[in-house]
Structures are given as C-alpha cells and as structure tokens.
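Novice: For reference, the sequence and a predicted model appear below.
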Amino acid sequence: MKKLYRSRENKIFGGLMGGLGEYFEIDAKLLRVAWIMICVLSMCFPAIFAYIFSCMIVPMEPKK
C-alpha cells in the first residue's frame, strides 16, 4: 500500500507537491502550476492556508 509523504528531494517549499506527484505518478510541476491557478482564483488566502495546514499534517518522507 502506498503512503503519502512530503518529498525530501523534489521540493521547493514543504515538499508537498513533490510528494503528491510521486504518489499519483504525475509531474510535480503540473501540480505546482495547478496549485498556483487555484491560489490566484481563490484570492490566495484559502489556498495558502490549505497548503500550510497540509504540510503540518502530511509526514516527511522517511530517510532511505
């Protein structure tokens, strides 16, 4: 069973988009662009709050 983790290698801020990209097997850049679009369309605050909250909830990828 796959688990969702924040990425240690594919990260810019918290590694959340890199971890989601690894989990769903899609490019993290596409997720980042989609997240920026959501952020702009939602007037930034709700999307930024959701990202920070998600970074606190999703654990960091274990060291290999």
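Specialist: Arrived safely, thanks for sending. Numbering: from 1, shown residues only.
Novice: And Ser42, what's its pLDDT?
Specialist: Predicted confidence (pLDDT) for Ser42: 85.
Novice: I'd like to know how far it sits from Ala50.
Specialist: Look at Ser42 and Ala50: by CB to CB, to the nearest Å, they are 9 Å apart. For every residue, glycine as well, the C-beta is placed using N, CA and C.
Novice: hmm, who's touching whatever helix or strand Met37 lives in?
Specialist: Here Met37 is covered by helix 28-41, with elements defined by DSSP states H and E. Applying CB atoms under 8 Å, 6 or more residues apart in numbering, the contact partners of helix 28-41 are 7, 10, 12, 17-18, 20-22, 47-48, 51.
Novice: let's see it at 6 Å
Specialist: Contact with helix 28-41 is made by 10, 17-18, 20-21, 47, as judged by CB atoms under 6 Å, 6 or more residues apart in numbering.
Novice: Same question for stretch 47-64.
Specialist: When contacts are taken as CB under 6 Å, 6+ apart, the neighbours of stretch 47-64 outside the stretch itself are 4-8, 14, 16, 38-39.
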